[in-house]
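[1] Have a look at this fold, sequence not included:
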């Protein structure tokens, strides 16, 4: 367990008294930032090797579909996560899109050194402007994932974050297992708050709170957010919800109501976690986009009453994302992986597209 010394606890208590409290601070903006993690978190649990060219094609399709924040891979040891081998080659095959941010996961100083080496290459350095670092809310998960306790992982990450910031990179943090841990059970939200606070203190601009097991419910997600925002502004937090129990979208709605405006998602619902047995994929990007903007697809009221008001656009802005293009991308990578997309919105859009194709062919046949 991550247990700071009494001196550290006293210092942390003093900091909490000095820091502004944020539970009532809610962003007024309706812009929702979606971080696409399919190429990294989505593919890391696959059973068979995926060629770098396929990974790069997935990234390029996502960018063309309008995704502007894409986690493209990680610099972890292939011994531990074989699917992340070849990230350097993947980066060389990316076709950068203007205003897009490409990030990689970095577990330690060696991983950062590999990133900095690629960035120093000329005339074509890798299109990376951000790294992500990660730790856990429990010692049990941290040991299974990185062979160290939470406290030890924070000590190891601090110089990595400093060096990345010194090189001009932005740094994002992850905290895994914010609701339940597959090894130690229910997680105390206070531990999530402490770890997130340490990552922000290091220099992370944002901390993504991960329901790695997908056990979260709206009630448990709200409890974590209420605790974490005692110390931290909601604008510095993101949500990362796996859909193991079908509650990811409900959890996102709860987090939205609480003020969160950044969420991780994975095209086609790809994913899982090699260190969380039984966890299924991340919430599908298509489902998140549809949940936030889907009413824009309805069109006008077909049988209006005399006092029918003008239909307004969607309540949320997700940027230049094309839902049909996302659905096509999710279908494409699922076919490559020899499976069906798990995105319900993606399936519905593709079924409608197929129906329209058949109706068009039938109409032409009658001419």
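    Here it is on my side, so go on. No experiment lies behind these values; they were computed from the predicted model shown. Numbers count the residues shown, from 1 in each chain.
[2] Give me the helices and strands touching the strand or helix carrying residue 104, please.
    Applying DSSP states H and E as the criterion places residue 104 in strand 101-105. Packing partners of strand 101-105 (3 or more Cβ pairs under 8 Å, 6 or more residues apart in numbering; DSSP states H and E): strand 69-74, helix 87-93, strand 130-136. No exception for glycine: its C-beta is placed from N, CA and C like everyone else's.
[3] partner strands of it, parallel or antiparallel?
    strand 69-74 (parallel), strand 130-136 (parallel) (DSSP bridges).
[4] now the ones you listed in TSV, with mean pLDDT, mean neighbour count and distance to residue 250?
    As requested, those are exported to TSV (pLDDT from 0 to 100; neighbours: other Cβ atoms under 10 Å; distance: least, Cβ to Cβ, whole Å):
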stretch	mean pLDDT	mean neighbour count	distance to residue 250
strand 69-74	96	24	23
strand 130-136	98	25	24
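[5] Switch those over to CSV; also include distance to residue 205.
    CSV is the format used below for these (distance: least, Cβ to Cβ, whole Å):
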stretch, distance to residue 205
strand 69-74, 12
strand 130-136, 9
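[6] Of all these, which one comes closest to residue 318?
    Across the strands paired with strand 101-105, residue 318 has its closest neighbour in strand 69-74 (11.0 Å, Cβ to Cβ).
[7] Touching that closest one from outside, list them.
    Defining contact as Cβ atoms under 8 Å, 6 or more residues apart in numbering, one finds that strand 69-74 is touched by 33-37, 39-41, 44, 55, 59, 62-63, 81, 84, 87, 90-91, 94, 100-107, 111, 128, 132.
[8] let's see 7 Å
    33-37, 39-41, 55, 59, 62-63, 84, 87, 90-91, 94, 100-105, 132 (Cβ atoms under 7 Å, 6 or more residues apart in numbering).
[9] from the chain's centre, how far out does it sit?
    9 Å (Cα atoms, centre = their mean, to the nearest Å).
[10] Can you tell me which of the strands paired with strand 101-105 is nearest to residue 297?
    Nearest of these to residue 297, taken as Cβ to Cβ: strand 69-74 at 23.3 Å.
[11] so where is this structure shaky, pLDDT-wise?
    Within the chain, the set of residues satisfying pLDDT under 70 comprises 1-28, 82, 122, 272-280, 306, 308-314.
[12] tell me, what residue is most central in it?
    Central residue of the chain (Cα atoms, centre = their mean): residue 264, 2.3 Å from the mean position.
[13] before we move on, what SS does that one have?
    Classification of residue 264 by DSSP: H, G, I helix; E, B strand; the rest coil places it in strand.
[14] right, and it touches residue 282 too?
    Yes - at 6.5 Å, residue 264 counts as touching residue 282 under the criterion of Cβ atoms under 7 Å.
[15] At which residues are the helices of the stretch 101-250 of the chain located?
    109-119, 139-146, 150-166, 189-202, 218-228, 248-258 (DSSP state H, counting those that start in this stretch).
[16] For the fourth one, name the packing helices and strands.
    On a contact count with 3 or more Cβ pairs under 7 Å, 6 or more residues apart in numbering; DSSP states H and E, helix 189-202 meets helix 150-166, strand 170-176, strand 206-211, helix 218-228.
[17] Any buried residues in it, and which?
    Within helix 189-202, the residues that count as buried by 16 or more other Cβ atoms under 10 Å are 189, 191, 192, 193, 194, 195, 196, 197, 198, 199, 200, 202.
[18] Quick one: residues contacting the residue nearest to the centre of the chain.
    35, 37, 208, 238, 240, 282.
[19] same thing but at 10 Å, please
    Counting by Cβ atoms under 10 Å, 6 or more residues apart in numbering, residue 264 touches 33-38, 41, 69, 71, 172, 174, 208-210, 238-242, 271, 282-283, 285, 288.
[20] Also residue 83?
    By Cβ under 10 Å, 6+ apart, the contact set of residue 83 is 40, 42-50, 55, 73-74, 76, 274.
[21] taking these one by one, which sit in helices?
    Those of the contacts of residue 83 mapping onto helices are residue 55, per DSSP state H.
[22] Which among the contacts of residue 83 count as buried?
    When the contacts of residue 83 are checked for burial by 16+ other Cβ under 10 Å, the buried set is 40, 42, 43, 44, 45, 46, 50, 55, 73, 74, 76.
[23] returning to what we had before: so who does the closest residue to the residue nearest to the centre of the chain other than its chain neighbours touch?
    Nearest non-adjacent residue to residue 264, counting by Cβ to Cβ, 6 or more residues apart in numbering: residue 240, 4.1 Å away. Contact analysis of residue 240 by Cβ under 10 Å, 6+ apart lists 35, 37, 41, 174-176, 178, 207-212, 248, 262-266, 282-283.
[24] of all the buried residues of helix 189-202, which comes closest to residue 307?
    Closest approach to residue 307 among the buried residues of helix 189-202 (Cβ to Cβ): residue 189, at 47.3 Å.
[25] sorry, back to before: and of the strands paired with strand 101-105, who's closest to residue 219?
    Here strand 130-136 is closest among the strands paired with strand 101-105 (Cβ to Cβ), at 22.2 Å.
[26] Strand 170-176 and that closest one, what's the angle between them?
    Interaxial angle, strand 130-136 versus strand 170-176 (axes from the mean of the first three to the mean of the last three Cα atoms, to 10 degrees): 20 degrees.
[27] Make 665 the first number, not 1, from now on.
    Renumbered: residue one is now 665, and that last one reads strand 794-800.
[28] Figure out how far strand 794-800 is from the centre of its chain.
    Its chain's C-alpha centre and that of strand 794-800 lie 11 Å apart, by Cα atoms, centre = their mean.
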